[in-house]
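Asker: predicted coordinates and the sequence they were generated for:
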Amino acid sequence: MATSPPYPTHPGEASGGTPRHPHWWQRPGVRYGALITLLTLSGLVILALVREQTGTRGFLVGLGLAVLPVPLLLAAFRWLDRVEPGPWRNLLFSFAWGACAAALIAIVANSFATQWIAAATADPTGADTLGATVIAPVVEESAKAAAVLLVFLFRRRDFTGILDGVVIAGVTATGFAFTENILYLGTAFGTDQLTGHSGIASVTAATFFVRIVMSPFAHPLFTVLTGIGFGIAALSTDRQRVRRVLLPLGGLLLAMGMHALWNGSTTLGEYGFIAVYAAFMVPAFGLLTWLVVWTRQRELRTVRAELPAYAVAGWLTPAEPFALGSMRARRLARRYARRYGGKRAARAVAQYEAYATSLAFLRHRGRRGRAGSDFVTRERELLLELWHRRGAARPALDHAARLTAPPVPAAPWPVHGTYGHPPYAHPAHGRPPYGHPYPAGGPGVRRS
């Protein structure tokens, strides 16, 4: 997920014409204000509802226990996002949506549907079972998927592939599980207060073991399927509209099905939960973990394969594609910049790495005919962002490339003149080179 400068605000600005003024509801400040207000109100309402059901002591106990797996899950998703790190505001929005808006929708809709079924059938037990196995999966996964959809529609530049969908979906589900765990653990604590149970034999301990120890990944696992559907859709061209609709929908249906199986495992007998956990949940978790790690490595290979074209054109030094395609080299470069240039230099190197990764992915989509009509504009924006940060990034990446280069008799890249400063960089004028790896119009763009 890339941090990147925005598109030209309006077509008129890009073409030199008179810019059009947006309507008041289209202004970023209005949209951000409305979103923050919605999430704040949702948070206050969900806080009141959970506290009403658990009591103050139960809420505090549930909050203290539910927060334990959150840093680990967020760190795992952030690690996946390190190849092309996205802005924190997307992750913050996703977590807040899951913890506040999605949780509120789930509590209200699930309660209403279960009560309506119980009144209609005069069978409260059957209504609870139907609510847990059918209503809850549909409502909860739809509510969490809304966050992924919003980022996909309104932060399209930050949503370029499978890992972006996995990260947004996983962080949203982590926020949802956090609020849900507060409710379950707080309710369990209240039950123990009434019955006088404590210690390992308490309902709180059993709930903590099942939800926090055994299955902290359950909700993220379900919603990640939706994120994968959106991620594959992001790789499609604008002409593949049917695919862009069906893939996210298919991922959502899979998420609902897995969620329903998980909730229904408690109705399969004494060992139904353990059987579903061992035979289905753990293998599915392992398979998805392998998939996202493999995708991460594939993205690094894409960086190493696409950036040499820009090194030939003079925008990058010959060593940079190798260093930028290695997470270890990137880490060494940031450390080197921090040691000799401070936090500002390290931040510039991190931004350089993110822009270079976005550039590699853009070129990869272009070669496959998936680039939009703004390919040339976007390419130049990214190249200029790299050029502005070259002073801090090039020495650091040069150092990292030297430390991580494979042990071969000859250097794995051509060296011209002083290492790290090729003669085509025009250092005297401070201007970027004019060569481009593509002809005018970009790949996949028809010329008139």
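Answerer: Noted; the coordinates are in hand.
Asker: residue 86 and residue 167 touch, don't they?
Answerer: Yes - contact status for residue 86 versus residue 167: in contact at 7.3 Å, counting by CB atoms under 8 Å. C-beta here means a position set from N, CA and C on the backbone, and glycine is covered the same way.
Asker: comparing those two, which residue is more hemmed in?
Answerer: residue 167 (30 against 24; other CB atoms under 10 Å).
Asker: from residue 29, how far off is that one?
Answerer: Residue 167 sits 27 Å away from residue 29, taking CB to CB, to the nearest Å as the criterion.
Asker: same question, residue 230
Answerer: Noted for residue 230: a distance of 27 Å to residue 29, by CB to CB.
Asker: what about residue 126, which helix or strand?
Answerer: helix 124-130 (DSSP states H and E).
Asker: make that residue 85, sorry
Answerer: Assessed by DSSP H and E, residue 85 sits outside every helix and strand.
Asker: count the neighbours of it for me.
Answerer: 19.
Asker: let me know the pLDDT of it.
Answerer: As predicted, residue 85 sits at a pLDDT of 85.
Asker: hmm, it is touching residue 358, no?
Answerer: No - if you go by CB under 8 Å, residue 85 and residue 358 don't touch, sitting 10.3 Å apart.
Asker: pass me the low-pLDDT residue ranges in the chain, would you?
Answerer: 1-26, 238, 407-448 (pLDDT under 70).
Asker: identify, by residue count, the longest helix of it.
Answerer: For the chain, the longest helix by residue count, based on DSSP state H, is helix 327-367.
Asker: and that helix, what does it pack onto?
Answerer: Applying 3 or more CB pairs under 8 Å, 6 or more residues apart in numbering; DSSP states H and E, one finds that helix 327-367 contacts helix 282-306, helix 308-313, helix 320-324, helix 375-388, helix 390-404.
Asker: so which of those helices is the most packed in?
Answerer: Of all the helices and strands packed on helix 327-367, helix 320-324 carries the top mean neighbour count, a mean of 26, counting by mean count of other CB atoms under 10 Å.
Asker: now do the contacts for the most centrally placed residue in the chain.
Answerer: The centroid of the chain falls nearest to residue 167 when counting by CA atoms, centre = their mean (2.5 Å). Going by CB atoms under 8 Å, 6 or more residues apart in numbering, residue 167 touches 1, 77-78, 80-81, 86, 91, 227.
Asker: let's see 6 Å
Answerer: 77, 80-81 (CB atoms under 6 Å, 6 or more residues apart in numbering).
Asker: TSV please, covering those residues and showing neighbour count, distance to residue 107 and secondary structure.
Answerer: Shown next, in TSV, are the contacts of residue 167 (neighbours: other CB atoms under 10 Å; distance: CB to CB, whole Å; DSSP: H, G, I helix; E, B strand; the rest coil):
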residue	neighbour count	distance to residue 107	secondary structure
77	23	24	helix
80	18	29	helix
81	21	29	coil
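Asker: and which of these is nearest residue 193?
Answerer: Nearest to residue 193 among these is residue 77, at 35.2 Å by CB to CB.
Asker: what separates the helix holding residue 126 from the chain centre, distance-wise?
Answerer: Between the centre of helix 124-130 and the centre of its chain there are 36 Å (CA atoms, centre = their mean, to the nearest Å).
Asker: contacts for it next, please.
Answerer: Helix 124-130 has contacts (CB under 6 Å, 6+ apart) with 114, 117-118.
Asker: rerun that using 10 Å as the cut-off
Answerer: Contact with helix 124-130 is made by 113-121, 123, 135-136, 263-264, 266-267, as judged by CB atoms under 10 Å, 6 or more residues apart in numbering.
Asker: these two touch, right, residue 348 and residue 397?
Answerer: No - the criterion here is CB atoms under 10 Å, and residue 348 misses it with residue 397 at 11.5 Å.
Asker: common neighbours of the two, please.
Answerer: 334, 337, 390.
Asker: ok, back up a step: in a markdown table, list the contacts of residue 167 along with distance to residue 158.
Answerer: Output for those, formatted as a markdown table (distance: CB to CB, whole Å):
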| residue | distance to residue 158 |
| --- | --- |
| 77 | 14 |
| 80 | 14 |
| 81 | 10 |
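Asker: among the residues you listed, which one sits closest to residue 192?
Answerer: Lowest distance from residue 192 to those (CB to CB) belongs to residue 77, with 32.8 Å.
Asker: ok, that closest one touching residue 85?
Answerer: No - the criterion here is CB under 10 Å, and residue 77 misses it with residue 85 at 11.3 Å.
Asker: what do these two both touch?
Answerer: Joint contacts of residue 77 and residue 85 (CB under 10 Å, 6+ apart) are 91, 167.
Asker: restrict the helix holding residue 126 to CA atoms and write it as PDB.
Answerer: C-alpha atoms of helix 124-130 as PDB (Å, rounded to 0.1, in the frame of the first residue of the first chain):
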ATOM      1  CA  PRO A 124     -35.900 -19.100  21.600                       C
ATOM      2  CA  THR A 125     -33.400 -21.900  21.500                       C
ATOM      3  CA  GLY A 126     -33.800 -22.400  17.800                       C
ATOM      4  CA  ALA A 127     -33.700 -18.700  17.200                       C
ATOM      5  CA  ASP A 128     -30.300 -18.400  19.000                       C
ATOM      6  CA  THR A 129     -28.900 -21.200  16.900                       C
ATOM      7  CA  LEU A 130     -30.100 -19.800  13.700                       C
END
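Asker: and it, what's buried?
Answerer: Within helix 124-130, the residues that count as buried by 16 or more other CB atoms under 10 Å are 127, 129-130.
Asker: next one: stretch 230-247
Answerer: Neighbour counts over stretch 230-247 (16+ other CB under 10 Å) mark 230-235, 244, 247 as buried.
Asker: restricting to C-alpha, output it in CSV.
Answerer: Extracted in CSV, the C-alpha atoms of stretch 230-247 (Å, rounded to 0.1, in the frame of the first residue of the first chain):
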residue,chain,number,x,y,z
PHE,A,230,-10.9,-7.2,-3.5
GLY,A,231,-7.2,-7.5,-4.0
ILE,A,232,-7.6,-9.7,-7.1
ALA,A,233,-10.2,-7.3,-8.4
ALA,A,234,-7.7,-4.5,-8.0
LEU,A,235,-5.4,-6.3,-10.4
SER,A,236,-8.1,-6.4,-13.0
THR,A,237,-8.5,-3.8,-15.8
ASP,A,238,-11.2,-1.2,-15.9
ARG,A,239,-12.8,-3.2,-18.7
GLN,A,240,-13.2,-6.3,-16.6
ARG,A,241,-16.2,-4.9,-14.7
VAL,A,242,-17.9,-8.2,-14.1
ARG,A,243,-14.8,-9.7,-12.6
ARG,A,244,-14.3,-6.7,-10.4
VAL,A,245,-17.7,-7.2,-9.0
LEU,A,246,-17.8,-11.0,-8.8
LEU,A,247,-14.4,-11.5,-7.1
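Asker: contacts for it?
Answerer: Here stretch 230-247 makes contact (CB under 10 Å, 6+ apart) with 145, 148-149, 151-152, 156, 159-169, 224, 228-229, 248-252, 292, 295, 361, 364-365, 368-373, 444.
Asker: gap between that stretch and the chain center?
Answerer: Computed by CA atoms, centre = their mean, the chain-centroid distance of stretch 230-247 equals 18 Å.
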